[in-house]
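**Q** Sequence plus predicted model, see below.
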Amino acid sequence: MAKIKAGRFGWRKVMLMYETDAYDTVSGDQSCFLAMSSLVNFFKAKNVTYGYFNLEKNRHISLRNNLRSEIGLDYADLFLGPMCDYVIAAVARYAAIWGVPVVTPSAQANAFLDKQGQFRTLTRIMGSYHQLGAVFQPVMQLFDWRVAGLLYEEFDTTEHKGHHSCNFMMKAVYEGMKVKPTYRKFLSSSPRLDFASLLREMAKSARIIILCASPHRVREILLVADDLNMVSSGEYVFFNVELSTR
């Protein structure tokens, strides 16, 4: 991010939008706050006016009212962040109407591919999940694999968190592979999960299994798979899409 050339684009007012722990599963607690704080010295050196907008502390008001009252229609020349896909979707739609650029390491879901329409001012510095589907497709073709099993983590609807990032990632893989899929999901809030039953069910139709879950869940799944002789038998292939680095 330090390579951003504010002078080149004429940016003089930048709004740093973040949720303190929005990416805690990737790089730890308060990672978003620390990332935004690291940009402050850079903006000071470039004589760029900046402001903070903590989405977490402003949940009691609608995002639209927040943007109007706290930012205004002409406050910022650039929005950095936020991380949550649901929040960035709303911010990017308003920013497109106002003609304000939005730069974020998030927004990797396929829905944000609409660069000619509602997300025309959005720039994603980490690409998209669509690229993962493009990676798996030639691998499946090379080995003539016809069916893939997708096993991923999801939020419980009662938690009101929307979809897990693994849901968005698996959708992109499903659309990109162009092979017959079978899928199973499990709730991240469940303290005890019967992975043996999930794996046995998937084994009825797939030998290629793609995983997306938190590191400790992936470890549990592979240990159970080993107990079921799915690892050492040579009959199954496991891919783990690592969205977390902790």
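**A** That came through fine.

**Q** got the residue ranges for the helices in this protein?
**A** All helices of the chain, identified by DSSP state H, fall at 6-9, 24-27, 31-37, 40-45, 63-66, 85-98, 130-142, 165-177, 195-203, 215-227.

**Q** Can you flag the weakest of those by average pLDDT?
**A** Lowest mean pLDDT of those: helix 24-27, a mean of 46.

**Q** which one of the helices of the chain is the most hemmed in?
**A** Highest mean neighbour count among those (mean count of other Cβ atoms under 10 Å): helix 165-177, with a mean of 21. Backbone N, C-alpha and C define where each C-beta goes, glycine included.

**Q** any residues touching that one, and which ones?
**A** 85, 108-110, 128-130, 132-134, 136-137, 140, 148, 150, 152-154, 181, 183, 185, 210, 212-213, 241, 243 (Cβ atoms under 8 Å, 6 or more residues apart in numbering).

**Q** how far off helix 130-142 does it point, in degrees?
**A** Interaxial angle, helix 165-177 versus helix 130-142 (axes from the mean of the first three to the mean of the last three Cα atoms, to 10 degrees): 50 degrees.

**Q** and the angle from helix 165-177 to helix 215-227?
**A** Here helix 165-177 runs at an angle of 60 degrees relative to helix 215-227 (the same axes, to 10 degrees).

**Q** Quick one: distance of helix 165-177 to the chain centre.
**A** With Cα atoms, centre = their mean, to the nearest Å as the basis, helix 165-177 stands 11 Å off its chain's centre.

**Q** cool, stretch 212-230 as well?
**A** 22 Å.

**Q** Kindly report the same for stretch 77-92.
**A** Distance, centroid of stretch 77-92 to centroid of chain: 12 Å (Cα atoms, centre = their mean).

**Q** Renumber starting at 10 from here on
**A** All set: I'll call the first residue 10, so the last point we hit is now stretch 86-101.

**Q** Quick one: end-to-end length of that stretch, please.
**A** Across its full length, stretch 86-101 reaches 13 Å end to end, with Cα to Cα, to the nearest Å as the criterion.

**Q** Could you measure from Phe51 over to Asn249?
**A** From Phe51 across to Asn249, the span is 35 Å (Cβ to Cβ, to the nearest Å).

**Q** likewise Val233?
**A** 14 Å.

**Q** again with Cys175
**A** 11 Å.

**Q** Could you tell me which residues touch both of these two?
**A** With Cβ under 8 Å, 6+ apart as the test, Cys175 and Asn249 both reach Cys221.

**Q** nearest residue to Phe88 other than its sequence neighbours?
**A** Nearest residue to Phe88, sequence neighbours excluded (Cβ to Cβ, 6 or more residues apart in numbering): Val111, at 4.5 Å.

**Q** and if you look at Met149?
**A** Val188 (5.3 Å).

**Q** So the one you found sits against Trp154, correct?
**A** Yes: assessed by Cβ atoms under 8 Å, Val188 is found in contact with Trp154 at 6.9 Å.

**Q** what sits against the residue nearest to Val240 when sequence neighbours are not counted?
**A** Nearest residue to Val240, sequence neighbours excluded (Cβ to Cβ, 6+ apart): Ala234, at 5.3 Å. With contact taken as Cβ under 8 Å, 6+ apart, Ala234 is in contact with Phe204, Leu208, Val240, Tyr245, Phe247.
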